[in-house]
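> Turn this into a model:
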Amino acid sequence: KHFVSGSRDGFAIFWDAATGKKVRTLEVWDESFGDAWSLGISPDGKLLVGGFEDGEVRMWDARTGDMVREFAGHDGAVHNVRFFPDGTRVVSASDEG
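Take a look at the predicted model:
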C-alpha cells in the first residue's frame with residue numbers, strides 16, 4: 001500500500017506505507033492550478049486525484065502522470081478529496097460555505 005504527498009512544485013511523491021520510504025516522484029500539475037490542498041490514490045493504485053486552490057478537482061493516471069479528467073463546480077479552494085472504498089466515485093469538499 002502507498003500514500004501520496006504533494007508540494008507546490010507540482011510533484012506527487014508516492015510513499016510505501018509500511019516502510020515510510022519514498023517509492024517514486026511524479027510530476028503531474030503546474031503552477032497555473034494553484035496549490036494542491038489534498039491528494040488521494042484510488043484503492044487499486046491506478047488513479048491519483050487532487051483538490052486545488054482554483055476550485056477544481058483533477059485526476060491523473062498514477063503510473064504515467066497523464067491527466068484523465070478535470071471536474072469543475074466548486075466556488076472555493078478544494079481542501080479534501082477521497083475515493084470511495086470501491087474506487088468508483090470521488091468525494092470533494094471546499095471552503096465555499
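> ok, Lys1 - contacts?
For Lys1, the contact set (C-beta atoms under 8 Å, 6 or more residues apart in numbering) comprises Asp16, Ala17, Ala18. For every residue, glycine as well, the C-beta is placed using N, CA and C.
> Highest neighbour count among those?
Counting neighbours by other C-beta atoms under 10 Å, the top entry in the contacts of Lys1 is Asp16, with 12 neighbours.
> Please enumerate the strands of this structure.
Listed in chain order, the strands of the chain (DSSP state E) span 2-6, 11-16, 22-27, 36-41, 47-52, 57-61, 67-71, 78-83, 90-94.
> ok and the third one relative to strand 11-16, angle-wise?
What that stands for is strand 22-27. Calculated by axes from the mean of the first three to the mean of the last three C-alpha atoms, to 10 degrees, strand 22-27 forms an angle of 160 degrees with strand 11-16.
> ok, and the closest non-adjacent residue to Asp30?
Residue nearest to Asp30 in three dimensions, not counting chain neighbours: Gly10, with 5.5 Å by C-beta to C-beta, 6 or more residues apart in numbering.
> For this protein, which residues score under the pLDDT cut-off?
97 (pLDDT under 70).
> rerun at 90
Applying pLDDT under 90 to the chain flags residues 1-3, 5-12, 25-38, 52-55, 65, 72-77, 95-97.
> from the strands of the chain, which stretch is densest packed?
strand 47-52 (a mean of 24; mean count of other C-beta atoms under 10 Å).
> thought Glu70 was touching Glu56?
Yes - look at Glu70 against Glu56 with C-beta atoms under 8 Å: they come within range, at 5.7 Å.
> For Lys46, see how far away the residue nearest to Arg89 when sequence neighbours are not counted is.
Among residues not flanking Arg89 along the chain, Phe83 sits closest, at 7.3 Å (C-beta to C-beta, 6+ apart). According to C-beta to C-beta, to the nearest Å, Phe83 stands 10 Å off from Lys46.
> just Lys21 next, same as before
The gap separating Lys21 from Lys46 is 21 Å, by C-beta to C-beta.
> now do Gly20
Taking C-beta to C-beta, one finds Gly20 at 23 Å from Lys46.
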